[in-house]
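# can you look at this prediction? I've put the sequence above it.
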Amino acid sequence: MNTSEDLLICVACGTQFDVPADEPPKGCRICDDPRQYVPPSGQQWTSLAKMRGSYRNKFSPVGENNGEERMTSIWTEPKMAIGQRCILIQTDQGNVLWDCITYLDEETTDFIKGKGGLKAIVISHPHYYTTHLDWAKTFDCPVYIAQDDAKWLNRTDHEGRRKLFSGDSQAILDQTTAIKTGGHFPGSLVLKWQDKLMIADSFVTVPSALYHIDRLPGTTSYSFMWAVPNMIPLPPSELHKMWQSIKPYNFHSTHGAFVGHEVRDLNVKKRVLESMKIQTQAMGWHEHPLLQEG
């Protein structure tokens, strides 16, 4: 395990900075951004060294069949920062880690290496950059990040681990593709593997998505947010761009930012579009090119 034990980590978002723990700055540039927030208790810092003994990562298969048994949710308890999971995907060409969490320990390292290690890490957006250079160094693999969001990186990559890409999509391994949707951040990504779409909070899985049997018309499955905790939605123009980014791809399930946020439905792509239209109409738009998509 190769970790930077004494570098500062923001307690609210989990981002690691190239700043020693004994020299804390006034604020976190991730949390000071209007998409995010500073907790009522104010800015607080920690480090991996301080977290040792108080946190532990958990592991659970995403599902039992249809390839989901080859996907493992990894998350930290007690909740650390935003509380997202990362997903270990065991492809035929090697393992990919979708998104990243702050806490990395020997147990997690041994678990992943026992599954074959990592060929690549792909991170959806800056809120989940966390300790990704430590992960990349530990598993000796590249980290794929959208060039559009490079200004939000907070550590210098001395070993050249990061692979910044600027196109609309990026092949990671065979049958594994990062797709740039934008929206939440200009470079926000989703990841397609087989017929599955890892969406993080590029598309936010809402409660009504998880039990969608005999639901009334107008019931949404996803929201599309510029600021998730501050509840600022994206406008229809952005939603239309997001739809066009995924329109060429077929998928039958989505897998969101948190454990249990799985939506399995042969019509799930249609539900993404329906949700975009519901949000557009709720914002008062009754004529927009997005509403003509189908």
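Structure received. Note that the coordinates shown come from a computational prediction; the quantities given were computed from them, not determined experimentally.

# give me phi/psi at the residue nearest in space to the middle of the chain?
Of all residues in the chain, the one closest to the mean position by Cα atoms, centre = their mean is Ala200, 3.7 Å from it. When read as degrees, to the nearest 10, the backbone of Ala200 gives phi 50, psi -130.

# for it, what are its contacts?
Gln84, Trp98, Asp99, Ser124, His125, Tyr128, Ser188, Leu189, Val190, Gly256, Ala257 (Cβ atoms under 8 Å, 6 or more residues apart in numbering). The way it works is simple: take the backbone N, C-alpha and C, and place the C-beta from them, glycine included.

# name the nearest residue to it, ignoring sequence neighbours.
Ranked by Cβ to Cβ, 6 or more residues apart in numbering and with sequence neighbours excluded, the top spatial neighbour of Ala200 is Ser124, at 3.6 Å.

# the one you found contacts Val190, correct?
Yes: using Cβ atoms under 8 Å, Ser124 is in contact with Val190, at 7.2 Å.

# so for those two, which residue has more residues nearby?
Ser124 (30 against 26; other Cβ atoms under 10 Å).

# and that one, how close does it get to Asp18?
Shown here: Ser124 relative to Asp18, a distance of 22 Å by Cβ to Cβ, to the nearest Å.

# Glu107 now?
Distance of Glu107 to Asp18, given as Cβ to Cβ: 26 Å.

# still on that earlier bit, can you put the contacts of Ala200 in JSON lines and add distance to Tyr55, secondary structure and pLDDT?
Listed next are these as JSON lines, based on distance: Cβ to Cβ, whole Å; DSSP: H, G, I helix; E, B strand; the rest coil; pLDDT from 0 to 100:
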{"residue": "Gln84", "distance to Tyr55": "14", "secondary structure": "coil", "pLDDT": "98"}
{"residue": "Trp98", "distance to Tyr55": "21", "secondary structure": "strand", "pLDDT": "99"}
{"residue": "Asp99", "distance to Tyr55": "18", "secondary structure": "coil", "pLDDT": "99"}
{"residue": "Ser124", "distance to Tyr55": "22", "secondary structure": "coil", "pLDDT": "99"}
{"residue": "His125", "distance to Tyr55": "23", "secondary structure": "coil", "pLDDT": "98"}
{"residue": "Tyr128", "distance to Tyr55": "17", "secondary structure": "helix", "pLDDT": "98"}
{"residue": "Ser188", "distance to Tyr55": "27", "secondary structure": "coil", "pLDDT": "99"}
{"residue": "Leu189", "distance to Tyr55": "27", "secondary structure": "strand", "pLDDT": "99"}
{"residue": "Val190", "distance to Tyr55": "28", "secondary structure": "strand", "pLDDT": "99"}
{"residue": "Gly256", "distance to Tyr55": "22", "secondary structure": "strand", "pLDDT": "98"}
{"residue": "Ala257", "distance to Tyr55": "19", "secondary structure": "coil", "pLDDT": "98"}
